[in-house]
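> need coordinates for the below:
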Amino acid sequence: MKTVKEGKQFPVTVTEGGVSAKIRKTIQSKNGKDYVVYIVDYILLGKRKQVGRTNFDEAKQHALEACRSISCGRQDSCTLTNQDRLVYLRATEALSPAGFQLDVAATEYAAAMQILGGKASIVEACREWMKRNATECPRILIPAAVELFKQEAETDNKSDERQKQFRIVLDRFAESFHDEAHTVTPALISSHLTHLPLANRSKKNHRDVIGCLNRWLILKGYLSKGSDWLENVQKYSGKKNSEIQIFTPEELTKLLRAARDMTPFMAIAAFVGLRHAEISRLDWSEIDLEDSFIEVKAIKSKTGERRLVPIHDNLKKWLLPYRQQSGKVVAYANTNKQIAKIARHAGIKWKHNGLRHSYISYRVAECADVPRVADEAGNSPQMIRQHYLRRVKPALAAQWFNIVPEVPTNIV
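Now for the predicted structure:
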């Protein structure tokens, strides 16, 4: 390298922030050709630093940036290579329209890529988010949403049992959440379920109903598509903690003797295993004592499927005195209240869903065919085994299906 003889201009001294750098003009040879190089000379971290530029303006700009960085304590930035500087310039130019600083953009980019975990690019994630949230949803408070949901369930002729479940779960939910629907998060739902003083089976029911409300809000446009209140919220087991309870033949005999005008209800529940709500909707025209079948129409079934359930001979004897051509089998709107009275008069402790559990358990013992009984009961074999079936001996089942009235029942 040869130093050009100094004239009036070189070396040029550049000063910024109390720090100086010199620019020398030199001639370098390459492949037999000479060309001018401007050397920026300054002290960096106690060592002499020399950087060459082929253009004087670029050399001067580098000298100013170096002095500025050293005076501000940012000596590390002076060690950037030409490629690093090019990347920096492109990055700042790209961020300029958005008004973001490079370090802020880099931090948010790194965090976003960590969240995505390589499953999508940031642009793809942003497009998906905009597709779901571009339209602002109308605001609604949770208590108001619960009332509208319950009203629609009633208009839609949901079963009394289902509507009762909605009231129990969602009224409590509305008491805990007074904010707008869009502010509800999975974390809040998780906390709500955790603090419910209920067994896991009941918590599972609450979780399921809250999920129904969530989907209804999306359908009605109050929440954006993809809003999932239950995302990563803990699930609860539907298994019962206690043993499945059934009635003995002796207990059923006492209950039927105390049933009076509720005899058809109690007998059908015990010897056909229909759900209480299904019996409440049952009409006498749907009971065929000649061919020995009860028709559970799809519109009256919990599962929405029509089924035919066989009638045992002993059930005919219980129903014949009350038989009508048509009309509701049960006259009472509140059957639970009547059942409680019957159990009290009979001196028997009532077992929740006990007659349905009993029928299924004794019927399986009688025919040894779980899928057949599941079809008659309107459940899956898995549900029957898990929630309804208690194994009993066939001899006990024979006693159950041979319970008959002691004397003909008189109707007043």
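
> how about low-confidence regions in the stretch 301-412 of the chain?
By pLDDT under 70, the weakly predicted segments of the stretch 301-412 of the chain are 407-412.

> and stretch 345-355, end to end?
Using C-alpha to C-alpha, to the nearest Å, one end of stretch 345-355 lies 17 Å from the other.

> meant to ask about stretch 296-305
Across stretch 296-305, first to last residue, C-alpha to C-alpha, it's 8 Å.

> would you map the strands across the protein?
All strands of the chain, identified by DSSP state E, fall at 2-3, 12-16, 19-30, 33-44, 47-53, 287-288, 293-296, 307-310.

> okay, those in TSV with mean neighbour count and distance to S190 next?
Quick note: C-beta positions are derived from backbone N, CA and C, even for glycine. Shown next, in TSV, are the strands of the chain (neighbours: other C-beta atoms under 10 Å; distance: least, C-beta to C-beta, whole Å):
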stretch	mean neighbour count	distance to S190
strand 2-3	10	74
strand 12-16	15	57
strand 19-30	16	57
strand 33-44	16	55
strand 47-53	13	58
strand 287-288	17	47
strand 293-296	20	38
strand 307-310	16	38
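
> let's have those in a markdown table, adding distance to E278.
What follows is the strands of the chain, written out as a markdown table (distance: least, C-beta to C-beta, whole Å):
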| stretch | distance to E278 |
| --- | --- |
| strand 2-3 | 105 |
| strand 12-16 | 89 |
| strand 19-30 | 90 |
| strand 33-44 | 88 |
| strand 47-53 | 89 |
| strand 287-288 | 12 |
| strand 293-296 | 6 |
| strand 307-310 | 10 |
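
> right, and those - which one's nearest H206?
strand 293-296 (28.4 Å; C-beta to C-beta).

> can you tell me the strand partners of the closest one and which way each runs?
When pairs are called by DSSP bridges, strand 293-296 turns out to pair with strand 287-288 (antiparallel), strand 307-310 (antiparallel).

> hmm, who's touching the last one?
This points to strand 307-310. If you take C-beta atoms under 8 Å, 6 or more residues apart in numbering as the criterion, strand 307-310 is touched by 272-274, 292-296, 301, 375-376, 378.

> between all of these, which two are separated the most?
Across these (C-beta to C-beta), the longest gap, 19.5 Å, separates S292 and S301.

> between these two, which has more neighbouring residues?
S301 (18 against 14; other C-beta atoms under 10 Å).

> with distance to A112 added, can I get the contacts of strand 307-310 in a markdown table?
As requested, those are exported to a markdown table (distance: C-beta to C-beta, whole Å):
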| residue | distance to A112 |
| --- | --- |
| V272 | 60 |
| G273 | 56 |
| L274 | 56 |
| S292 | 68 |
| F293 | 63 |
| I294 | 61 |
| E295 | 59 |
| V296 | 55 |
| S301 | 50 |
| D375 | 53 |
| E376 | 56 |
| G378 | 50 |
